[in-house]
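K.L.:
Provide a 3D model corresponding to the input given below.
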Amino acid sequence: MRTLFAALALGVLTILGSPPGVRADAQSDAATAQENLAYTVGVQAYIYGQPIMDLYRTFWEGTLDPKRGHDRTLNEFNYVRKLASPKDTWVVTPNNDTLYSRGFLDLTDEPIVLHIPEMGDRKYWFPLGDMYHNLYRHLSWDTVGTKGGDFALTAPGWQGVLPDGVDRVEMTTPMMWTLGRITVSDEKDVPAVNALQDKTFLVPLSKWTKGMTEAPRAKVDPSDYPKMTEADMSDAEKFFTVMNEMLRRNPPVGTADYLIGWFNEIGLSPDQQFDWSKLDKATQTGLTRATADALALIAVHEKSFAAPESGWIPAVMPGDQSGMPVYHAAVTKLGLLYSQKEVSTYHVGYVDGDGKPMTGASTYTLNLAPPPPVEAFWSLTMYDAKTKLLVENSINRYSIGDRTSGIKFAKDGSIAITISAEKPADATNWLPAPKGPFYMVLREYSPGPAILNGDWEPPKIEKAK
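P.N.:
Presented below is the predicted three-dimensional model:
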């Protein structure tokens, strides 16, 4: 990071050249130098800020935007009550394994208590992410246990005494998010999970009482938070103005001090207000250029996640990506609210073993020998490449995995999965595909060490000859 900034700074100094006061066009040279300085710093600032801003944009649009008529708001869960099907178009590449409970929280005024009910032997995960889209903790079946509990999510440095029976979880920023997942076996199992969702809630500490079974509805004034939409992400004035407010509300952590020193050059700082109108014209021009080029750079990096020789693109996400700003920005553009690798990992298959895009016109076989080594379970889900949605089929099977009823494993524990649009003679281990292009996602929930350290990866998808 320091090397990158040093190189960029050297470029700016080269532009500056000799002191402008010795030339007749000193004023013009100074403006050019300032514009290039703002551009140089602005590109880095945008890339650094993209994860927090895309997250905040989702935060605002998903919980506060009055035009969307939200039923749920800040500091309470928005529950997804049914398994995804081909008719669901609200999210692309959905899983078909769990039900979600999404919450955006603001811990500035007081801690928020997350109540997790007794879950029995059902697997569940509640990743806890900060406003920089880093995940340092997760409350789940393997970290908390089957009995759940009450957990006070606190802002950094909060001073206070918690009631008996409430465990403290200190976050790294006052604003945060969680996307809880509870395992569902099949459609018949959905009502049981809905009942568990009803017992899972968020409540301010001041309103928490031992044994409470539901929380009062949250009351939030949207005007307390700056507006931010998808369109604003490409507007330099809006982006940097709101970014500065997010820095003020969520002071940077970790190694950001060095970056903040540079950001001060463009008036960006968690210690002061940002006023675009007070910036000189050269700085405004430089930041406008920086916004466009940073977006282009991130878009290029999104496309650089190339498949290795196996044909599968691994998504084994570290919880802390603060030291990888370009990677972090590109990943959050591909998908927000993902889990850290300790919760779940993914392998995305776009091509077969010969490196060619897959289509339902052919038949393929995936021989998992052995299947993914997981502590919870694994699944392989089919998606239409055009819509990125689940695929309608005659047996209503959108995914296949170790929990799929009726599938057959070989004596050695391996499983051969048939992938095709036409129903095969033996459909026991069949994953239906669309007639056109498709891709698949292999999800590993609570992955074992062999997945995390790269010793295990999926085999190639073989096309029938």
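
K.L.:
which stretches of the stretch 1-150 of the chain have low pLDDT?
P.N.:
1-27, 90 (pLDDT under 70).

K.L.:
And the helices in it, which stretches?
P.N.:
For the stretch 1-150 of the chain, the helices defined by DSSP state H, counting those that start in this stretch occupy 2-16, 26-63.

K.L.:
Run the angle between the helix or strand harbouring Leu297 and helix 26-63 for me.
P.N.:
Secondary structure from DSSP states H and E places Leu297 in helix 281-302. Angle, helix 281-302 to helix 26-63, by axes from the mean of the first three to the mean of the last three Cα atoms, to 10 degrees: 50 degrees.

K.L.:
Mind giving me the packing neighbours of helix 281-302?
P.N.:
helix 26-63, helix 236-249, helix 325-334 (3 or more Cβ pairs under 8 Å, 6 or more residues apart in numbering; DSSP states H and E). Bear in mind the C-beta positions are built from the backbone N, C-alpha and C, glycine included.

K.L.:
Alpha carbons of the helix or strand just after that helix, in PDB - could you do that?
P.N.:
Downstream of helix 281-302, the next assigned helix or strand under DSSP H and E is strand 312-315. Extracted in PDB, the C-alpha atoms of strand 312-315 (Å, rounded to 0.1, in the frame of the first residue of the first chain):
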ATOM      1  CA  TRP A 312     -13.900 -23.600 -11.000                       C
ATOM      2  CA  ILE A 313     -13.500 -20.100  -9.700                       C
ATOM      3  CA  PRO A 314     -12.900 -20.300  -5.900                       C
ATOM      4  CA  ALA A 315     -14.500 -17.800  -3.600                       C
END
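
K.L.:
partners of strand 312-315 in the sheet?
P.N.:
strand 344-349 (antiparallel) (DSSP bridges).

K.L.:
picking up where we left off before, what mean pLDDT does the helix holding Leu297 get?
P.N.:
Mean pLDDT, helix 281-302: 95.

K.L.:
Give the buried residues for that helix.
P.N.:
With burial defined by 16 or more other Cβ atoms under 10 Å, the residues of helix 281-302 counted as buried are 282-291, 294-295, 297-298, 301.

K.L.:
now swap in stretch 302-321 and tell me
P.N.:
310-317, 319-321.

K.L.:
How far does it sit from its chain's centre?
P.N.:
14 Å (Cα atoms, centre = their mean, to the nearest Å).

K.L.:
what do you get for stretch 413-424?
P.N.:
31 Å.

K.L.:
Do me a favour and get the end-to-end distance for it?
P.N.:
Stretch 413-424 has an end-to-end distance of 22 Å (criterion: Cα to Cα, to the nearest Å).

K.L.:
Now that stretch: buried residues?
P.N.:
Under 16+ other Cβ under 10 Å, the buried positions of stretch 413-424 are 415, 417-421.

K.L.:
What's the mean pLDDT across stretch 423-433?
P.N.:
For stretch 423-433, mean pLDDT is 97.

K.L.:
Can you give me the buried ones in it?
P.N.:
Buried-residue list, stretch 423-433, by 16+ other Cβ under 10 Å: 429-433.

K.L.:
any residues touching that stretch, and which ones?
P.N.:
358, 360, 363, 380, 382, 391, 393-395, 397, 399-400, 406-408, 415-421, 440 (Cβ atoms under 8 Å, 6 or more residues apart in numbering).

K.L.:
ok, 7 Å please
P.N.:
Stretch 423-433 is contacted from outside by 360, 380, 382, 391, 393-395, 397, 400, 406-408, 415-421, using Cβ atoms under 7 Å, 6 or more residues apart in numbering.

K.L.:
quick one: Gln272 from Trp262, how far?
P.N.:
Gln272 sits 15 Å away from Trp262, taking Cβ to Cβ, to the nearest Å as the criterion.

K.L.:
Among those two, which residue is more densely surrounded?
P.N.:
When Gln272 and Trp262 are compared for neighbours, Trp262 comes out ahead with 18 against 12, by other Cβ atoms under 10 Å.

K.L.:
how much space between the more buried one and Leu268?
P.N.:
Distance from Trp262 to Leu268, by Cβ to Cβ: 9 Å.

K.L.:
and the chain, what are its domains?
P.N.:
Domain ranges of the chain: 2-62+225-302, 78-219, 312-463, per automatic domain parsing.

K.L.:
sorry, back to before: quickly check the buried residues of stretch 423-433 for the two that are furthest apart.
P.N.:
Asn429 and Ala433 (13.6 Å; Cβ to Cβ).

K.L.:
so where's the stretch 151-300 of the chain uncertain?
P.N.:
In the stretch 151-300 of the chain (pLDDT under 70), the answer is 254-256.

K.L.:
And the helices in it?
P.N.:
190-198, 236-249, 257-263, 281-302.

K.L.:
Same list, these, but as JSON lines with distance to His138 please.
P.N.:
Listed next are the helices of the stretch 151-300 of the chain as JSON lines, based on distance: least, Cβ to Cβ, whole Å:
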{"stretch": "helix 190-198", "distance to His138": "17"}
{"stretch": "helix 236-249", "distance to His138": "23"}
{"stretch": "helix 257-263", "distance to His138": "27"}
{"stretch": "helix 281-302", "distance to His138": "26"}
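
K.L.:
Nearest residue to Met175 in space, please, no chain neighbours.
P.N.:
Excluding the flanking residues, the one nearest Met175 by Cβ to Cβ, 6 or more residues apart in numbering is Met131, at 4.5 Å.

K.L.:
tally of neighbours for the closest residue to Ile313 other than its chain neighbours?
P.N.:
Sequence neighbours aside, Val348 is the residue nearest to Ile313 in space, at 4.4 Å (criterion: Cβ to Cβ, 6+ apart). Counted with other Cβ under 10 Å, residues neighbouring Val348 total 19.

K.L.:
Now do the contacts for Val348.
P.N.:
Residues in contact with Val348 (Cβ under 7 Å, 6+ apart) are 312-313, 315, 439, 441.

K.L.:
Perfect, I'm done here.
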